[in-house]
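K.L.:
Need coordinates for the following:
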Amino acid sequence: MKIHSISFKNFYSYHEADLDLSKYASGLVGIEGINKDSGGSNGAGKSVILEAIVFALFGRTIRKSNEAAMVNVQAKRGMEVIIKVEDMVIIRKRKPSSLNVWIAGEERTQAHASTTQEIIEQHLGVDYKTFMSAAVFGQHSTVDFLDANPDDKRKIINNFLNLSYIFDKKADIKERRSSMRAKIRENEVLINKLNTDIAKYEGMSGQSLTEHQAAIVRSYTLEQIIDMRSDNWGKERTISSYNDEIRSVPSDVRNARKAVKNGVGSDQSWTCKSCGTKFDGKLTQEQYDHCVGIVDEWEDKVKSFKDHVKQLKKELKRLPCTVSEYQKWSSLSPVDGILADSRAELEEVLELNYQLQDKYDMLGFWDKAFSEKGLVRYVIRTVRDYLNDKCNFYLAYLTQGQVSLTFDDELVENIEVVGRERHYISLSGGEKRKVNLAVMLALQSILSVSNGTESNVLFFDEVAENLDEHGIRGLIDLLYELRKDKTVFVITHNPHLASHMESHKKITITKEQGISTIS
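P.N.:
Okay, here's the model as predicted:
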């Protein structure tokens, strides 16, 4: 979920503010406050940016404020929050109240705000609780995992995994996994080709383009290569869809085939889902003819699918080279340059495949779980290893590898500090802070993999409480890791963390005479 911008008017202590999140791209962004009314930074309005995003998306605030508290006390009315997220624009107002939404430029506002809110959440694939769990860490975190008993931990996992939604979307999960697997295989082919090319280029280091490569560059444009590839991908996806249809024989057809095979007078006990016809008892001639019609109709449909597949396969074009190859060759660079590019592309594809395999394996857990009894417990037991791996991945940053954490099948934690077992309750405040943050980030990883809910922004609000300078160093290392593909907003009063944030982008909130402004 990509949030582009947020603007608000007469919201809490702000008269008007406009923040373009897209200009920050990936990286760390510090949010600092200057309260000229009371001195210091408290009460400047730093957290209001997060409040505005949450209110715009879900119509509620983190601090559970009523309307009177949200509307600026000086303006007393005319509160408005506008957010641009994905292809959606949401405008939410109070005094007077209204909610309007546009998707891809088309207004989708409904007669009732609750119905409009359902459209927003359905389109974005996220609700309030999911967003808070996936994008907000620190003082506003609503999940206290390690203090919960095993039953409550399972409930938390169930909520994070949104199991009821996954059950309803079993077919969707299979389709996503199939698509991921196809992409993984495609990448594996590309990886093998790149390795072959690298070996070839290493033996040709210092040489220019081959005659064959030069001929391709003369005969084609980059746009033609891209169009041919895109056309092939589209046809291959369509072929895959037809083949899935051919393999998925409906239960009506299977029952009808058996009835036709056994003939008139055979015992039947089933109901046609398509037309509602009941087959109960001896098969009559009329019922037999109806079954023949069902089978013939399906076979005609399959024949049509196969004809389409055959035609599409004929239309597939053989590419003279890959897009990346053409780009290398068209520049007429020496082989040394192509070799460097191939190595860079190989590294990129390997990383992409690792990420796809990670998600593919995770979705594989759900696919297996649907066929087991005791499904929820099985899912939790299956996800445990992933949870443990992620917890220790984040703990490695936060504690420099001094603390490790594993959960057993009952989600009872085992914590080791420098190789010695410790109970959670005996940890210091700083150690608890690090462990809890690692667990929350691990749960967020589970959430993003299982639901596809992954925000382009993260908010770390006062996460450095109880951390010493050593702990802050680990937190900074973790923030550097997270910033690679996200914008991480950091609000802190901790002087150690604040000093580290000085070299990064900054949003300054200044409050004077009761009014907050952004600069």
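
K.L.:
May I have the phi/psi pair for N35?
P.N.:
When quoted as degrees, to the nearest 10, the phi and psi of N35 stand at phi -100, psi 100.

K.L.:
Pretty sure it sits against K46.
P.N.:
No: taking C-beta atoms under 8 Å as the contact criterion, N35 and K46 are not neighbours in contact, 9.8 Å apart. To be clear about C-beta, it is placed using only N, CA and C from the backbone, and glycine gets the same treatment.

K.L.:
Among those two, which residue is more densely surrounded?
P.N.:
Between N35 and K46, counted using other C-beta atoms under 10 Å, K46 has the larger neighbour count: 26 against 19.

K.L.:
Let's verify the more buried one: helix, strand, or coil?
P.N.:
Three-state assignment for K46 (DSSP: H, G, I helix; E, B strand; the rest coil): coil.

K.L.:
Quick check: it vs P150, distance?
P.N.:
Relative to P150, K46 is positioned 37 Å away (C-beta to C-beta, to the nearest Å).

K.L.:
where's K84 relative to W102, distance?
P.N.:
Using C-beta to C-beta, one obtains 10 Å as the distance from K84 to W102.

K.L.:
ok, the two, which is more surrounded?
P.N.:
The residue with more neighbours, out of K84 and W102 and counting by other C-beta under 10 Å, is K84; that gives 19 against 15.

K.L.:
pretty sure the more buried one is in contact with H4, am I right?
P.N.:
Yes: contact criterion C-beta under 8 Å: K84 and H4 qualify, at 4.2 Å.

K.L.:
the helices in the stretch 51-200 of the chain, which residues?
P.N.:
Using DSSP state H, counting those that start in this stretch, the helices found in the stretch 51-200 of the chain span residues 67-70, 113-124, 128-135, 150-161, 163-168, 170-203.

K.L.:
elements contacting the longest one?
P.N.:
Helices and strands in packing contact with helix 170-203 are listed as helix 222-247, helix 335-369; criterion 3 or more C-beta pairs under 8 Å, 6 or more residues apart in numbering; DSSP states H and E.

K.L.:
And these: which comes nearest L19?
P.N.:
Between L19 and the helices and strands packed on helix 170-203, the shortest gap by C-beta to C-beta is with helix 335-369, which sits at 29.4 Å.

K.L.:
What I need now is the helices and strands packed on helix 170-203 written out in CSV, including mean pLDDT for each item.
P.N.:
Conversion of those to CSV gives the following (pLDDT from 0 to 100):
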stretch, mean pLDDT
helix 222-247, 91
helix 335-369, 81
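
K.L.:
want to throw the ones you listed into JSON lines with distance to R108 and mean neighbour count?
P.N.:
Written out in JSON lines, the entries for these read as follows (distance: least, C-beta to C-beta, whole Å; neighbours: other C-beta atoms under 10 Å):
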{"stretch": "helix 222-247", "distance to R108": "28", "mean neighbour count": "14"}
{"stretch": "helix 335-369", "distance to R108": "30", "mean neighbour count": "16"}
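
K.L.:
looking at those helices, which is closest to D296?
P.N.:
Proximity of the helices and strands packed on helix 170-203 to D296 was assessed by C-beta to C-beta; the nearest stretch is helix 222-247, lying at 16.0 Å.

K.L.:
Convert the next helix or strand after the closest one to CSV, retaining C-alpha atoms only.
P.N.:
Sequence-wise, the next helix or strand downstream of helix 222-247 (DSSP states H and E) is helix 251-262. Below are the C-alpha coordinates for helix 251-262, written out as CSV (Å, rounded to 0.1, in the frame of the first residue of the first chain):
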residue,chain,number,x,y,z
SER,A,251,-18.3,-31.8,-9.8
ASP,A,252,-21.4,-31.7,-12.1
VAL,A,253,-19.3,-33.0,-15.0
ARG,A,254,-17.7,-35.7,-12.9
ASN,A,255,-21.1,-36.9,-11.6
ALA,A,256,-22.6,-36.7,-15.1
ARG,A,257,-19.7,-38.8,-16.6
LYS,A,258,-20.3,-41.5,-14.0
ALA,A,259,-24.0,-41.5,-14.7
VAL,A,260,-23.5,-41.8,-18.4
LYS,A,261,-20.9,-44.5,-17.9
ASN,A,262,-23.3,-46.6,-15.6
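
K.L.:
How far off centre is helix 251-262?
P.N.:
The gap between the average C-alpha position of helix 251-262 and the chain average comes to 42 Å, counting by C-alpha atoms, centre = their mean, to the nearest Å.
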